[in-house]
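J.: Here is the input, now give the coordinates:
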Amino acid sequence: MAPPGRPRRENTVQTKLFIGGEFVEGVDGATIDVYDPHDGSLLAEVAEARATDVDRAVEAATKAFETWRHWSAEQRGRLLLKLADSIEEHAEELALLETRDTGHPIRDTRTLDVPRTAATFRYFGGMADKFQGSVIPVERGFLDYVVREPVGVVGQIVPWNFPLMFTSWKMGPALAAGNTVVLKPSELTPLSTLRVAELMAEVGFPPGVVNVVTGYGATAGTRIVQHPGIGKVSFTGSTAVGQGVARGAADTLKRVHLELGGKGANIVYGDADLDAAVQGSAFAIFHNQGQACIAGSRLILHESVADEFLDRFTALAGSVRLGDPKEPTTQMGPLTSAMHRDRVLTYLDAARNEGDEILTGGRAPDGAEFAAGYYLEPTVIEADPAHRVAREEVFGPVVAVHRFRTDEEALQIANAVEYGLGGGLWTRDLSRAHKVARELRSGMVWVNSYKRVNPGSPFGGVGRSGYGREMGFEAMHEYTEAKAVWINVDAELPRLYGEG
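T.: Numbering: from 1, shown residues only. Reported below is the predicted structural model:
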């Protein structure tokens, strides 16, 4: 229930678990409060899934798999294409729902989140009947071919920062490959995923092919990870939790895909187009309030342009329009939860204590319109690369700035952290661009841009950023097993035993 004095909104959204093609209450009737990060009002009370509810979902998914796996790839793809169309038909509704639940500005959910979600389902809908096996050249007389078969029931755990988009990233390839799904969205932001489940039911996905269980990580998430009936678990979230997922999956030897934290290096060389670099670097860190694993949270500036760049960049940061994310003119909304905003503030305290210089921001904004929400000003800190704010994932609108003299020094700073998800660089030197892209310890590199994603381009990292890939052919491999089949065409087998 809503705490005393906290405003309550009329509930017009789906709040139940989606199991076996039906929306149902949890077995014990417990609920989770979901809040609007702009003003702290109660958006909904969603069903809290416990371990028993996850068991019900796995049972439904297991039953559905025996039918779904035998559907033709064309049939599966057609349903995903219909879902993509339905998402586009409900684009404004989904954009507003995502904005209210996450605090992500409506201008971004309209132009980025919803279109990317539809595009991902459409990509994998088209991929379903184009994902091919192979023939292996072996000795004469034999045919050896490899087919890709679905894993079975897969468990998927989606984070709170881009719930709508990540739902498509997880479900799209899994369903296209013939798997069935038990997906848990974050307890903080479950509403858009539940709406997608409604649309999936409407376009005709068979009961049990997709199941959505809203619950806490410690209960529902842990049961997904440890359930013996789940053959693979795909998790996106923090590195610390991802390590626990890997440990929890070990007893059942299920496959694990981890897309974890990041500390993206964003290098600006002396020959960069500064106008483009300033704008691109702002998008890299302030988009979605910096709540992105691929955020460009470390600005590494060549000393010849550092002062001019910072003059422009801090002025731009100070001009970012904070406010109600439902307003089209808002450029940056609140962080998604009060707990997370407080966590980010601890990093700012650490930066002050370690002697780093906060060039702009560093606090909650003034004004009555921000008082009830979880807001934080865009923050730029000139920091020692060895300090916490420069080494650990802050996951907020906070960028640590460093300076360099040589290309070698830039790479040394960039590769000094344990994460390796995304990184970028700004230069007009084509040779340097290719060299640095090769040398950056990162799963993705952007040159003269940042945070570009596409359903066909593999997404994932190295080191403490996890392993495995979302998107593209790589994702289809993540959700299938290779089976080699040997056929004796006309080979004469030697007589190895008995009398000749």
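J.: Verify the stated contact: residue 182 with residue 152.
T.: No. With contact defined as C-beta atoms under 8 Å, residue 182 and residue 152 do not form a contacting pair (11.1 Å). Yep, even glycine has a C-beta here, placed from its N, CA and C like the rest.
J.: More neighbours: which of those two?
T.: For residue 182 against residue 152, the residue with the higher neighbour count under other C-beta atoms under 10 Å is residue 182, and the figures read 32 against 20.
J.: In contact with that one: list those residues for me.
T.: Applying C-beta atoms under 8 Å, 6 or more residues apart in numbering to residue 182 gives the contacts 54, 57, 58, 61, 153, 154, 155, 156, 211, 213, 224, 230.
J.: can we see that at 10 Å?
T.: Residue 182 makes contacts with 19, 49, 54-62, 153-157, 208, 210-213, 220, 223-224, 227, 229-230, 233, as judged by C-beta atoms under 10 Å, 6 or more residues apart in numbering.
J.: What residues sit buried inside stretch 107-114?
T.: Taking 16 or more other C-beta atoms under 10 Å as the neighbour-count basis, stretch 107-114 is seen to contain the buried residues 107, 108, 109, 110, 112, 113, 114.
J.: Could you check how far the second one is from residue 87?
T.: It stands for residue 108. Computed with C-beta to C-beta, to the nearest Å, the distance linking residue 108 and residue 87 is 16 Å.
J.: Please apply the same query to the first one.
T.: Distance check for residue 107 against residue 87: by C-beta to C-beta, it reads 18 Å.
J.: And the third one, by the same measure?
T.: If you measure residue 109 against residue 87 using C-beta to C-beta, the figure is 12 Å.
J.: Could you do the last one as well?
T.: Here the distance between residue 114 and residue 87 works out to 7 Å (C-beta to C-beta).
J.: related to what we said a few turns ago, which neighbours do residue 109 and residue 87 share?
T.: Where contact means C-beta under 10 Å, 6+ apart, the residues bridging residue 109 and residue 87 through contact with each are 94, 115, 117, 164.
J.: wait, which of the residues you listed is closest to residue 238?
T.: The shortest separation between residue 238 and any of those is 19.8 Å, and it belongs to residue 164 (by C-beta to C-beta).
J.: where does the closest one land in three-state SS?
T.: Under DSSP: H, G, I helix; E, B strand; the rest coil, residue 164 falls in the helix class.
J.: who touches the closest residue to it other than its chain neighbours in this structure?
T.: Closest residue to residue 164 apart from its sequence neighbours, by C-beta to C-beta, 6 or more residues apart in numbering: residue 192 at 4.1 Å. Taking C-beta under 10 Å, 6+ apart as the criterion, residue 192 is in contact with 13-14, 93-102, 109, 113-114, 117, 158, 162-165, 167, 185.
J.: do that again at 7 Å, thanks
T.: 94, 97, 98, 101, 163, 164 (C-beta atoms under 7 Å, 6 or more residues apart in numbering).
J.: which SSE is the second one in?
T.: Following DSSP states H and E, one finds residue 97 within helix 91-102.
J.: packing partners for that helix?
T.: helix 106-108, helix 114-127, helix 163-176, helix 191-203 (3 or more C-beta pairs under 7 Å, 6 or more residues apart in numbering; DSSP states H and E).
J.: Excluding chain neighbours, what is closest to residue 228?
T.: With C-beta to C-beta, 6+ apart as the criterion, residue 228 has its nearest non-adjacent residue at 5.1 Å, and that residue is residue 252.
J.: Could you check how far the one you found is from residue 300?
T.: Counting by C-beta to C-beta, the gap from residue 252 to residue 300 is 42 Å.
J.: hang on, the earlier thing: list the residues that contact both of residue 114 and residue 87?
T.: Residues touching both residue 114 and residue 87 by C-beta under 7 Å, 6+ apart: residue 94.
J.: which ones are touching the residue nearest to the spatial centre of the chain?
T.: The geometric centre of the chain, computed from its C-alpha atoms, lies nearest to residue 166 (C-alpha atoms, centre = their mean), at 4.9 Å. Shown here is residue 166, whose contacts under the criterion C-beta under 7 Å, 6+ apart are 158, 159, 236.
J.: And for the nearest residue to residue 293 once chain neighbours are set aside, the neighbour number?
T.: In space, and not counting its chain neighbours, residue 293 is closest to residue 262: 4.3 Å by C-beta to C-beta, 6+ apart. If you count neighbours by other C-beta under 10 Å, residue 262 ends up with 29.
J.: now residue 245: how far from residue 142?
T.: Computed with C-beta to C-beta, the distance linking residue 245 and residue 142 is 41 Å.
J.: quick one, which of those two is more surrounded?
T.: Taking residue 245 and residue 142 together and counting by other C-beta under 10 Å, residue 245 has the greater number of neighbours (26 against 13).
J.: Give me the phi and psi for the more buried one.
T.: phi -60, psi -50 (degrees, to the nearest 10).
J.: which residue sits closest to it, ignoring its sequence neighbours?
T.: For residue 245, the nearest residue in space outside its immediate sequence neighbours is residue 235; the separation is 4.7 Å by C-beta to C-beta, 6+ apart.
J.: same deal with residue 28?
T.: In this structure, residue 28 finds its nearest non-sequential neighbour in residue 50, 6.3 Å apart by C-beta to C-beta, 6+ apart.
J.: Show the contacting residues for the one you found.
T.: By C-beta under 7 Å, 6+ apart, the contact list for residue 50 reads 26, 27, 28, 215, 219, 220.
J.: Please report the distance of the second one from residue 44.
T.: It refers to residue 27. Counting by C-beta to C-beta, the gap from residue 27 to residue 44 is 20 Å.
J.: Off-centre distance for the helix or strand hosting residue 45?
T.: Assigned by DSSP H and E, residue 45 belongs to strand 42-47. With C-alpha atoms, centre = their mean, to the nearest Å as the basis, the distance from the averaged C-alpha position of strand 42-47 to the chain average is 23 Å.
J.: And for stretch 239-251?
T.: In terms of C-alpha atoms, centre = their mean, the centre of stretch 239-251 is set 17 Å apart from its chain centre.
J.: 247 is where my numbering starts, stick with that
T.: Got it, first residue is 247 now, which makes that one stretch 485-497.
J.: got the CA positions of it in CSV?
T.: Listed next in CSV are the C-alpha coordinates belonging to stretch 485-497 (Å, rounded to 0.1, in the frame of the first residue of the first chain):
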residue,chain,number,x,y,z
THR,A,485,28.3,-7.1,-12.0
ALA,A,486,27.8,-8.1,-8.3
VAL,A,487,24.4,-9.6,-9.0
GLY,A,488,25.7,-11.2,-12.2
GLN,A,489,28.4,-13.0,-10.2
GLY,A,490,25.7,-14.4,-8.0
VAL,A,491,23.7,-15.5,-11.0
ALA,A,492,26.7,-17.4,-12.3
ARG,A,493,27.2,-19.1,-9.0
GLY,A,494,23.6,-19.9,-8.6
ALA,A,495,23.4,-21.5,-12.1
ALA,A,496,26.4,-23.8,-11.5
ASP,A,497,24.5,-26.5,-9.6
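J.: Tell me which of residue 273 and residue 290 has more neighbours.
T.: More neighbours surround residue 290 than the other of residue 273 and residue 290, with 23 against 16 (other C-beta under 10 Å).
J.: How about the more buried one: which residues does it bridge to?
T.: Beta-bridge pairing of residue 290, defined through DSSP bridges, involves residue 280.
J.: Go ahead and confirm it touches residue 261.
T.: Yes. In this structure, residue 290 sits in contact with residue 261. The criterion is C-beta atoms under 7 Å, and the distance is 5.2 Å.
J.: Domain ranges for the chain, per the record?
T.: Recorded structural domains for the chain (assignment: automatic domain parsing) are 263-506+711-730, 511-693.
J.: Reformat these as TSV; add mean pLDDT.
T.: Compiled in TSV, the domains of the chain are given as follows (pLDDT from 0 to 100):
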stretch	mean pLDDT
domain 263-506+711-730	97
domain 511-693	97
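J.: for these, which one sits closest to residue 738?
T.: Between those, domain 263-506+711-730 lies closest to residue 738; by C-beta to C-beta that is 7.4 Å.
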